[in-house]
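Novice: Everything below, folded, please.
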Amino acid sequence: MPLNLKSFRDPDAKLFESEFEMIRAVDAEYGKFLLDFMTSTSFQMFEDKIVETTPYENIERQEIYEYSIDNFEDKIFFKHKKFTFPSYPYEWPAEMLYAAGNLTIELAEGTISDGVGLKDATPFNILFEGPKPIFIDLASFEQRHPCDQIWFPEGQFLRNFIYPLLVSKLFQMPINDIFINHRDGLTPDYVYRMLSVLKKLNPFIFGTITLSMWAEKIARRKTNLHEFKMAKNPQLAAFILQRLYSRLRKKLARLKPADLSESFWSGYMTNHLSYNADDFEKKEEIVETVIKDFKPDKVLDIGCNVGNFSCIAARAGASVVAIDTDERSIGRLWSLANRDRLNILPLVVDLINPTPALGWRNKENDSFLSRADRKFDFTIMLAVVHHLLIDGGIEISEILSLVRNITTKSLLIEYIDPSDEMFQKLLKGRGQLYAKFNKDVFLTELKKVFPNVREISFLKDGRRVIYLAQV
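Specialist: Residues are numbered from 1 along each chain as shown. Okay, the predicted model is just below:
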């Protein structure tokens, strides 16, 4: 069973990835704590919000021999459910980061009664199963001293949840821009420099940013920085921690992204689609019919916009990953999927410049393309190819070759003729670049990678044609 080492930052635990599961190795003493925690009231209460975990009792040394785990016999191993499609904070809209922050506080507060605490507060501890956040880092839980009144990850929580959501709300800065460049979030001084004088005087911002900066400066001058006092008794410690979590939850609630899903959806449908109502209704019927006939298991919707076709596939029983470059559209789709419990994972991904592998030695977080490689039996590419062609300058052969690497069975794709008004709008006077591009060229390239191609329907007087292409 080949394994890949996936964790490099936790001295208490090593995490390995196999083809079907995640395997965690921890020292025996810590492992016994985790086994006890898994039988606790709080763990049972949050069982559906923590990754599915079982002890791995029959692991053999040779399965992980190449990683030279010292004192193999003194380790305890756990098996975790492996997510079908992991995602990372730099692919989330603000709505998903907010949900991840809520789950982090919920777990930190909810485990106080069992003498357990969270030793870190990073969104990288959370994956989404469809629209649902799941906490995946079992090794983040630790035994808490009954009189411990301090939550050390408070600063990390502020940097990774509060400050990014504040910057997103104030300046419409995309979440992916933040975490691609700042893996551990934003510092208060970084945010402070972005603020105008008036914004700095805002009571919420003053209490959230300025006071944090002062506290940080004072802390740097202290020689006894790592000394702290215990509370007089466990009840007082629990009370102080609960007050802290309550304050953080209130700050988080102030930064909740506005729920504009209904109005945005209707506005987008009215003003932004390049179809009349009849054509778009016909397009939806085509997707619904094809999905019903083929019953795909895993669907990738490329350029999903607000997710109409993703919803059709999810309601038919498929597991859907929906990608688009527009964070606002992806955020609205997540809100809808979360509300209606649709198995859709919406991500902010630009296929022209897809998410790279990141983290230590580029091994912690896989690239989007490596995660997507041959993972989907059905791919939807409607009204998106011309964007890749023109905005990205990518040749049609390259686009289709990439899609073939992702798709194991079927592709529903839309050809858009250069005479189409949206094609012309994107060209901005560069029509000579695509003078030789036409339907015949498109079909020739499509059949090179998908041998079986069938015309399903044409729209807008033939300027847009939908094809079903199969391996």
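
Novice: From N338, how far off is F378?
Specialist: Using C-beta to C-beta, to the nearest Å, one obtains 23 Å as the distance from F378 to N338. To be clear about C-beta, it is placed using only N, CA and C from the backbone, and glycine gets the same treatment.

Novice: Next, the residue lying farthest from the centre of the chain: secondary structure please.
Specialist: For the chain, the C-alpha farthest from the mean C-alpha position belongs to K232; by C-alpha atoms, centre = their mean, that distance is 41.7 Å. Using DSSP: H, G, I helix; E, B strand; the rest coil, the secondary structure recorded for K232 is coil.

Novice: give the contact list for it.
Specialist: Taking C-beta atoms under 8 Å, 6 or more residues apart in numbering, we find K232 in contact with C147.

Novice: give me every residue that touches I76.
Specialist: By C-beta under 8 Å, 6+ apart, the neighbours of I76 are A25, V26, D27, A28, Y30, G31, K32, L34, L35, P55.

Novice: Three-state assignment for it, please.
Specialist: For I76, the secondary structure call by three-state DSSP comes out as strand.

Novice: Need the nearest residue in space to D279, chain neighbours excluded.
Specialist: What sits nearest to D279 in space, not counting adjacent residues and going by C-beta to C-beta, 6 or more residues apart in numbering, is L459, at 4.8 Å.

Novice: per-residue pLDDT, that neighbour?
Specialist: Note on L459: pLDDT of 78.

Novice: Look up which residues are beta-bridged to it.
Specialist: With DSSP bridges applied, the residues forming beta bridges to L459 are R464.

Novice: And stretch 417-428, end to end?
Specialist: When the termini of stretch 417-428 are compared using C-alpha to C-alpha, to the nearest Å, they are 15 Å apart.

Novice: Use 15 as the first number for this chain going forward.
Specialist: Fine by me, first position is 15 from now on; the one you just mentioned is stretch 431-442.

Novice: Looking at that stretch now, give me its mean pLDDT.
Specialist: pLDDT averaged over stretch 431-442 equals 86, rounded to a whole number.

Novice: ok, now stretch 376-386?
Specialist: Averaged over stretch 376-386, pLDDT sits at 95.

Novice: mind listing the helices for the stretch 365-485 of the chain?
Specialist: 382-386, 399-404, 410-420, 435-441, 453-463 (DSSP state H, counting those that start in this stretch).

Novice: how does the protein divide into domains?
Specialist: 15-96, 99-271, 275-484 (automatic domain parsing).

Novice: what number of residues lie near the residue nearest to D293?
Specialist: The number of residues packed around L473, counting by other C-beta atoms under 10 Å, is 22.

Novice: re earlier: looking at F392 and N352, which has the bigger crowd around it?
Specialist: F392 (24 against 20).

Novice: count of neighbours near T98?
Specialist: Neighbour number of T98 under other C-beta under 10 Å is 15.

Novice: hang on, the earlier thing: and the domains of the chain, which one averages the lowest pLDDT?
Specialist: By mean pLDDT, the lowest-scoring of the domains of the chain turns out to be domain 15-96, with a mean of 83.

Novice: ok now that domain, how far from the chain's centre?
Specialist: Taking the mean C-alpha point of domain 15-96 and that of its whole chain, the gap between them comes to 23 Å (C-alpha atoms, centre = their mean, to the nearest Å).

Novice: From the chain's centroid, how far away is the host helix or strand of V334?
Specialist: The secondary structure element spanning V334 is strand 333-338 (assigned by DSSP states H and E). For strand 333-338, the gap between its own C-alpha mean and the chain's C-alpha mean amounts to 11 Å (C-alpha atoms, centre = their mean).

Novice: what packs against the following helix or strand past it?
Specialist: Following strand 333-338 in sequence order, the next helix or strand is helix 341-354 (DSSP H and E). With contacts defined as 3 or more C-beta pairs under 8 Å, 6 or more residues apart in numbering; DSSP states H and E, the packing partners of helix 341-354 are helix 108-124, helix 275-285, helix 322-329, strand 333-338, strand 358-362.
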